[in-house]
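J.: dropping the sequence and predicted coords here.
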Amino acid sequence: MSSLLEPALLKQASLDSLRKLHPRDVARNPVMFVVWAGSLLTTVLVVKDLVAPGPDTTPAWFTVGVTLWLWFTVLFANFAEAVAEGRGKAQAGALRKMRRDTFARRLVDGREEKVSAPDLRKDDLVVCEAGDLIPGDGEVVEGIASVDESAITGESAPVIRESGGDRSSVTGGTKVLSDRIVVRITANPGESFLDRMIGLVEGAARQKTPNEIALHILLVGLTVVFLLACVTLVPLALYSGVRLSGTAVVALLVCLIPTTIGGLLSAIGIAGMDRLLRKNVLAMSGRAVEAAGDVDTLLLDKTGTITLGNRMATELLPLPGVRMEDLAEASQLASLADETPEGRSIVVLVKDTYKMRPRELQAHQATFVAFSAQTRMSGCDLVDPHPRAIRKGAVDAVIRYVESQGATVPPELRETAARIGDAGGTPLAVADGARVLGLIHLKDVVKGGIKERFERFRAMGIRTVMITGDNPRTAGAIAREAGVDDFLAEATPEAKLALIRAEQAKGKLVAMTGDGTNDAPALAQADVGVAMNTGTQAAKEAGNMVDLDSNPTKLLEVVEVGKQLLMTRGTLTTFSIANDVAKYFAILPALFLGVFPEMQPLDIMGLTSPYSAILSAVIFNALLIIALIPLALRGVRYRPLGAAALLRRSLLLYGVGGVLVPFIGIKAIDVVLTAVGLA
Ligand SMILES: Nc1ncnc2c1ncn2[C@@H]1O[C@H](COP(=O)(O)OP(=O)(O)OP(=O)(O)O)[C@@H](O)[C@H]1O
Ligand SMILES: [K+]
Ligand SMILES: [Mg+2]
């Protein structure tokens, strides 16, 4: 928070609060618009009194004082918003600098040409080698490289980006450290991740959330009620002989309408997004941040989210009666054209461990059958020397494939597969035609420190469910190791989607974290969809948040920020409304005391004069906004208590406090005004 008080930021915010006096800006906030219009009116009245003094006996210190402090009220609210936006703007400036003009090596018909990065269009192919800045967002279509993404994530350790699989997306502005990749550009100029990030931190893309809209309606309602109350005061005052100037009526109105929460509302929302950004989470909408505060269920995919995601082949396990060479050859043929990390690791294993050199696929007139999340198999069809269909894939998928050809599988297959699964590995079955040859053991590692974090989800009352395309044995082993509450195995993208819909139908708010293209529909359907930055472009576009650290338990922090945002807004609303009601009872006796001495018992505050009472209230009202800016930006302290207990606590603290504080504050200002001889 210290950086919030940087002189440069505060100076910029002061200038911005003047700029925000423009009617176009003020009109977005109905409560502040009323104050703005009131200030304009009292200014006119002051000028009128100067030009043509009437028989009116209202003292000038009162009309001028009220007018000045009404303007301050608007400025302070503008200042709150400007300070909240300030940090984002500074960050956007830094990001813009990063988007300096780079050159791209575009591939056209296999030849390279040098073009400037902004000239790149979707689907262009570019080459990047060690030392090159990646010229735009895209997907690696060829090769593997280590990339420095610190410019975007702030994390200095290089990351691996490779074609196929779920780690293929690259971000413009990041730097290739080693090797050579070919990237297919996926974003037109102006639509890149960096552009979106700049838009977000500048607040350009910020829209009011449903909760904010509901609160706005309440605030507008209260404003209208108090407007009517103040208007009816005028005939009442006339009738009872109280002199009530236009300035006094406006001042009274501003004191009564909910200016505190009205002035701080947008700052609270911006600060919430900003807090998330500092945790390296990009929230595409405030709505998602709010939803995160109420999440009941968290779904996570396994590979790449709970585990590191580079599943590697470690062993070939032939069935009884099958020669190792035959299994190795079939595994290799089924993987030569498979660009997924799994596929490539199989080719490497066969070459290194079983000393078998890769074959020329063309020589066999082979057609490659690519992996899909639906079939959960991949392989190739050969014509030469005789037609063969070689497949590898999830064990149940391969069994179904073999049985559909009328063959049966030996029981050893399921036994060995179960053993691999129980060790947390993924078994891939390999079949040559209708004959199953054996298994490939793919190994993956659970990310560190995850178990303790999942325990914290449990303490918060959030249920964690792992969903994976993998088999139940592997899923169960990984689920136990990671400490999730439940798991769903052999899930197709449709099954993931159906699970989310079922939870939502039960009235639950669902968060989902994932990284793969097959997670994209689920990420889009979830109320909070957090995509890993390491994930595919499709996943990042489907979700409403991106975690730059690719940490599946980052949702803990997101939930805390969401809860804090909701609590801050709730408590400041309670405080603001309690305050305004109290002010009503603080000022009214002072106003009418002269005419109705019967009100004496109500006048507990003993303010010097009706004029000083009103001016004190206006000053107090304005200062309150300034005083509460730090709380609005920092947020109220988050405590892992139940919702009911939290509500009781905050209602007590901020409701009762809200009633008491104005009496003390207004009295103190009245004493000061009297002491300096104004009142
Ligand atoms: N390249 C491949 N060729 C053949 N089969 C594969 C290949 N990659 C994965 N499989 C099999 O398909 C299954 C489903 O893979 P998919 O990518 O849909 O889900 P997953 O990555 O295991 O799970 P998650 O949804 O947690 O990422 C895997 O468990 C594995 O058995
Ligand atoms: K007020
Ligand atoms: Mg996956």
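T.: Sure, I can see it. Ligands and ions are numbered 1, 2, ... in the order given.

J.: please make it C-alpha for all contacts and neighbour counts, starting now.
T.: OK.

J.: contact partners for T43?
T.: By C-alpha atoms under 8 Å, 6 or more residues apart in numbering, T43 lies in contact with T67.

J.: can you do 10 Å?
T.: Each residue near T43 by C-alpha atoms under 10 Å, 6 or more residues apart in numbering is listed here: 37, 49, 63-64, 66-68, 70-71, 247.

J.: do A337 as well
T.: A337 is in contact with 343-344, 347, 361, 366-370, 378-380, counting by C-alpha under 10 Å, 6+ apart.

J.: and those residues near ligand 1, which?
T.: The subset of the contacts of A337 within reach of ligand 1, by C-alpha under 6 Å from any ligand atom, is 343, 378.

J.: buried only: go through the contacts of A337 for me.
T.: 343-344, 347, 366, 368-370, 378-380 (16 or more other C-alpha atoms under 10 Å).

J.: quick one, what contacts V484?
T.: For V484, the contact set (C-alpha under 10 Å, 6+ apart) comprises 298-300, 306, 450-451, 453-455, 457-458, 463-466, 476, 478.

J.: just to revisit the earlier point, need the contacts of T43 in JSON lines (columns: secondary structure, pLDDT and neighbour count).
T.: Below are the contacts of T43 laid out as JSON lines (DSSP: H, G, I helix; E, B strand; the rest coil; pLDDT from 0 to 100; neighbours: other C-alpha atoms under 10 Å):
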{"residue": "A37", "secondary structure": "helix", "pLDDT": "96", "neighbour count": "16"}
{"residue": "D49", "secondary structure": "helix", "pLDDT": "87", "neighbour count": "16"}
{"residue": "T63", "secondary structure": "helix", "pLDDT": "92", "neighbour count": "22"}
{"residue": "V64", "secondary structure": "helix", "pLDDT": "94", "neighbour count": "18"}
{"residue": "V66", "secondary structure": "helix", "pLDDT": "95", "neighbour count": "26"}
{"residue": "T67", "secondary structure": "helix", "pLDDT": "97", "neighbour count": "26"}
{"residue": "L68", "secondary structure": "helix", "pLDDT": "97", "neighbour count": "16"}
{"residue": "L70", "secondary structure": "helix", "pLDDT": "97", "neighbour count": "29"}
{"residue": "W71", "secondary structure": "helix", "pLDDT": "98", "neighbour count": "20"}
{"residue": "T247", "secondary structure": "helix", "pLDDT": "91", "neighbour count": "24"}
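
J.: sort out for me which of the contacts of A337 are in helices.
T.: 343-344, 347 (DSSP state H).

J.: quick check, nearest of those to ligand 1?
T.: Nearest to ligand 1 among the ones in helices among the contacts of A337, counting by C-alpha to the nearest ligand atom, is G343 at 4.9 Å.

J.: leaving out the residues flanking it, which one is nearest to that closest one?
T.: S335 (5.0 Å; C-alpha to C-alpha, 6 or more residues apart in numbering).

J.: check what pLDDT the one you found gets.
T.: We have a pLDDT of 93 for S335.

J.: same check, this time on D56
T.: 66.

J.: quick check, M356 in contact with A330.
T.: No - counting by C-alpha atoms under 10 Å, M356 stays clear of A330, with 11.3 Å between them.

J.: which residues touch E212?
T.: Contacts of E212 by C-alpha under 10 Å, 6+ apart are 218, 265-266, 269, 286-287, 290, 566, 569.

J.: what does the protein have sitting close to ligand 1?
T.: 301-303, 340, 342-343, 371, 373, 376-378, 392-394, 428, 467-470.

J.: filter those residues down to the buried ones and hand me the PyMOL line.
T.: Only the buried entries of the residues of the chain next to ligand 1 go into this PyMOL selection, using 16+ other C-alpha under 10 Å:
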select buried, resi 301+302+303+340+342+343+371+376+377+378+392+393+394+428+467+468+469+470
